[in-house]
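>>> Give me a 3D structure for the following:
(one chain, ligands or ions: 1)
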Amino acid sequence: MSEERKKILVVGSANMDFSMNMYKLPERGETVIDDGGVAYTPGGKGANAALAVTRLGADAVLCARLGADIHGQKLYNYYKSSNIDTSYVKVDREHPTGLAVVIREGEGDNRIVVYPGANSYLTADAVREAFDCNPDALYLGFEIPFDIALAAANIAASRDIPVFIDAAPAKKDYDLESLPRVEVFSPNEAETLEYTGIAPGNMEASLRAALALYRRVKCKYVVIKQGARGAFLYDGKRYTSIPAMRAGKTVDTTAAGDAFTAGLAVEYLYNGGDIKGAVKYGCAAGAIAVTREGAASSVPTAEEVADLLG
Ligand code: RIB
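Model (predicted):
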């Protein structure tokens, strides 16, 4: 990595995660007693990415909205102690901090339901103000209102700031066509299916899905995250599949996608835009994240990723 530190503005969500380990999901009308364990831990796709950015060696500025409650206070303290710049984290006196219910099953797979709370009230003014930090890049997720994400992307585009989009969660009716040109657009397989109607389960389907995304989003690269299969990269002409890495037993996939896209963005900024190297780096960051429980807490450091990459 070069000496000069890069600064990434993350405009996105901040949640408290309430996680449960479950052996068996209840059927409709059924009550299940399960002592697999519960925990409240920091999460939210935006905040997870901001933490990954700092751990992976760049400066993270988080633009998000918390409630004026105990969860918000705990998250704010966590960001401060994790070296995330909180200058643009706003406090909402009317709406509670976002809460995600994360149910972890079997091999570490998860199901997540998010009550967005204050995340839904992030404003365009707050986003505009956050650009005062003069970022080298903008990292965006869709766990905030789409029009706010769009406003952030437009400001970045008007200043020639590269934009990295982790396109989660997905909704079919998002007006992706209205986004300005972005550097990287990265959904996972389920999100790709939602956006395109194509499940990218093999090379041929991945290419069709990537083409469909490329038609909808003005971007330099489409990167489809494919979990244990790695990632599919398409640049409008060429495509390639980058294999997943393995760092140990998978215990919890929560936030692996956040670690992947944040890792990709950090490495891309430091390596002069080598997209294949950046995707490989993202795969390594995600591979480590799945070996640990929790969301923000599972995100690896730059040293750990360097060790895995050898
Ligand atoms: O990507 C994982 C995150 O999704 C969790 O931390 C949860 O808060 C939801 O936003």
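>>> make it CA atoms for all contacts and neighbour counts henceforth
Will do.
>>> which SS state does the residue positioned nearest the centre of the chain fall under?
The residue lying closest to the centre of the chain (CA atoms, centre = their mean) is Asp258, at 3.1 Å. Following DSSP: H, G, I helix; E, B strand; the rest coil, the label given to Asp258 is helix.
>>> need the residues of the stretch 51-200 of the chain near the ligand, please.
Ala100 (CA under 6 Å from any ligand atom).
>>> quick one: the strands in the stretch 51-200 of the chain?
For the stretch 51-200 of the chain, the strands defined by DSSP state E, counting those that start in this stretch occupy 59-67, 85-92, 98-105, 109-115, 137-141, 163-166, 182-186.
>>> Tabulate the ones you listed (JSON lines), appending mean neighbour count and mean pLDDT.
Converted to JSON lines, the strands of the stretch 51-200 of the chain look like this (neighbours: other CA atoms under 10 Å; pLDDT from 0 to 100):
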{"stretch": "strand 59-67", "mean neighbour count": "27", "mean pLDDT": "98"}
{"stretch": "strand 85-92", "mean neighbour count": "18", "mean pLDDT": "98"}
{"stretch": "strand 98-105", "mean neighbour count": "22", "mean pLDDT": "93"}
{"stretch": "strand 109-115", "mean neighbour count": "14", "mean pLDDT": "91"}
{"stretch": "strand 137-141", "mean neighbour count": "26", "mean pLDDT": "98"}
{"stretch": "strand 163-166", "mean neighbour count": "26", "mean pLDDT": "98"}
{"stretch": "strand 182-186", "mean neighbour count": "24", "mean pLDDT": "98"}
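>>> these two touch, right, the residue nearest to the centre of the chain and Leu51?
No - in terms of CA atoms under 8 Å, Asp258 does not count as a neighbour of Leu51; the distance is 9.6 Å.
>>> Pop out the phi and psi values for whichever residue of the stretch 151-300 of the chain sits closest to the ligand.
Going by CA to the nearest ligand atom, the ligand is nearest to Ala255 of the stretch 151-300 of the chain, at 4.0 Å. Here is the backbone geometry of Ala255 (degrees, to the nearest 10): phi 70, psi 0.
>>> my read: it touches Ala296, true?
Yes - applying CA under 8 Å, one finds Ala255 in contact with Ala296, separated by 6.9 Å.
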